[in-house]
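Undergrad: whatever this is, show me its structure:
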Amino acid sequence: MIPSPHVHQIVGGNSFNATMDPKKDMPGESTCTTCSFSEDFSNYWTAVLYFRARNGTYKRVPQLSQISGATGGITVYYMQDALYDTAQKSKVTAFKPGFRMFVGDVNARTKDQAIRFRQLTYTCMTDSGTRAPENIEFPQKPCPYGIMANVRFPTCWDGVNLDSPDHMAHMAYPESGTFESGGPCPASHPVRMPQVLFEVVWDTKAFNNKADWPTDGTQPFAWSFGDATGYGNHADYVFGWKGDALQRLMDTPCVVNCPAANPKTQSTAAMNKCSQKAVVNEDVNGWLTALPGGHQAQYA
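TA: Numbers count the residues shown, from 1 in each chain. Model (predicted):
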């Protein structure tokens, strides 16, 4: 088994493991899910954010849930149309069992390297409702409420492959514009899929005192793989909805948990209860002299 080179947070069904065989029956093997939709055993994961103090030590940044009472996690949207479109009536094809995708470049450290991923952004939040502006690098100033990392996956599928060697080639962005602007899918990837959007809110409030920031004035946050520019933002998605539950939701014009489709949901307490036992004995939460895996913050 090849261990992960950096720390991740994983959301969804508890059948997640280190190998994630493409033939894995995620709904069948999972006994619970951290998702509010109880038929969603998919897995969603990102790197973890750390604060780098003036003395060079690191501390994991906690997360803020957008669901009252929930512990951390990710807010995930599946959209037929742009997020602000309350009709949500366009036709999209739900993902298939075995489907997975990745977006971003863990090695990106410049704007030119990151720009090909059109919609991996950050929002410096002043309150819980802040959603703009979005930028592709880390905020350079303290954010009163926290930093939101936004991940929008490509939405055009080649119609054949559930995965590809780089976990990206079977998917593409619209030929022009964006999913939100109704851009058409390219001929090579003609199938329009739902827009999957992650919103991850990092609770940076405890680290907003600039007297604790590096003396050279650089912003103090770094991803768990060492990126302190923000350009290396990336995320993974493995489909795991039960049966045709996702397609039924996508076929229903609705917003915000889609009550019109009468989906199966669970309580926040049930979501919080779902977990896995740790398989690696490593301190990832205390004050550390290096990021887990031996990484140090890289600003270029």
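Undergrad: so where do the helices sit in the stretch 51-200 of the chain?
TA: With DSSP state H, counting those that start in this stretch, the ranges of helices along the stretch 51-200 of the chain come out as 111-114.
Undergrad: where are the low-confidence patches of it?
TA: Of all residues in the stretch 51-200 of the chain, none has pLDDT under 70.
Undergrad: make it 80
TA: Within the stretch 51-200 of the chain, the ranges that satisfy pLDDT under 80 run 118, 177, 181.
Undergrad: could you pull out the strands for it?
TA: For the stretch 51-200 of the chain, applying DSSP state E, counting those that start in this stretch gives strands covering 58-60, 63-64, 75-79, 100-104, 120-125, 146-152, 156-157, 171-172, 191-192, 195-202.
Undergrad: reformat the ones you listed as TSV; add mean neighbour count and distance to Ala297.
TA: Using the backbone N, CA and C atoms, a C-beta is placed for each residue, glycine as well. Below are these laid out as TSV (neighbours: other Cβ atoms under 10 Å; distance: least, Cβ to Cβ, whole Å):
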stretch	mean neighbour count	distance to Ala297
strand 58-60	20	8
strand 63-64	18	20
strand 75-79	18	27
strand 100-104	21	18
strand 120-125	22	16
strand 146-152	22	16
strand 156-157	22	35
strand 171-172	20	31
strand 191-192	16	39
strand 195-202	22	15
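Undergrad: list the buried residues in stretch 244-260.
TA: For stretch 244-260, burial by neighbour count (16 or more other Cβ atoms under 10 Å) applies to 245-250, 252-255, 258.
Undergrad: cool, stretch 11-28 as well?
TA: So for stretch 11-28, counting by 16+ other Cβ under 10 Å, buried means 11-16, 24, 26-27.
Undergrad: spit out the contact partners of the closest residue to Lys59 other than its chain neighbours.
TA: For Lys59, ignoring the flanking residues on the chain, the nearest one in space by Cβ to Cβ, 6 or more residues apart in numbering is Phe51 at 4.9 Å. Contact analysis of Phe51 by Cβ atoms under 8 Å, 6 or more residues apart in numbering lists 58-61, 204, 207, 220-221.
Undergrad: circling back to that earlier point, so which of the strands of the stretch 51-200 of the chain is nearest Ala235?
TA: Closest approach to Ala235 among those (Cβ to Cβ): strand 146-152, 4.4 Å.
Undergrad: output the contacting helices and strands for the closest one.
TA: strand 100-104, strand 120-125, strand 195-202 (3 or more Cβ pairs under 8 Å, 6 or more residues apart in numbering; DSSP states H and E).
Undergrad: check the gap between Ala270 and Val76 for me.
TA: Plainly put, Ala270 is 17 Å away from Val76 if you go by Cβ to Cβ, to the nearest Å.
Undergrad: circling back: show only the entries of the buried residues of stretch 11-28 found in helices.
TA: Residues of the buried residues of stretch 11-28 located in helices (DSSP state H): 26-27.
Undergrad: same list (the helices and strands packed on strand 146-152) but as JSON lines, adding distance to Pro184.
TA: Shown next, in JSON lines, are these (distance: least, Cβ to Cβ, whole Å):
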{"stretch": "strand 100-104", "distance to Pro184": "20"}
{"stretch": "strand 120-125", "distance to Pro184": "22"}
{"stretch": "strand 195-202", "distance to Pro184": "14"}
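Undergrad: out of these, which is closest to Asp236?
TA: Set against Asp236 and scored by Cβ to Cβ, those come closest in strand 100-104, at 5.2 Å.
Undergrad: which helices and strands does that closest one pack with?
TA: Against strand 100-104 (3+ Cβ pairs under 8 Å, 6+ apart) you get strand 146-152, strand 234-238.
Undergrad: among these, which is nearest Met193?
TA: Set against Met193 and scored by Cβ to Cβ, the helices and strands packed on strand 100-104 come closest in strand 234-238, at 10.9 Å.
Undergrad: tell me the angle that closest one makes with strand 195-202.
TA: Strand 234-238 and strand 195-202 meet at an angle of 130 degrees, taking axes from the mean of the first three to the mean of the last three Cα atoms, to 10 degrees as the criterion.
Undergrad: would you mind listing the buried residues in strand 234-238?
TA: Result for strand 234-238 [16+ other Cβ under 10 Å]: buried residues 234-238.
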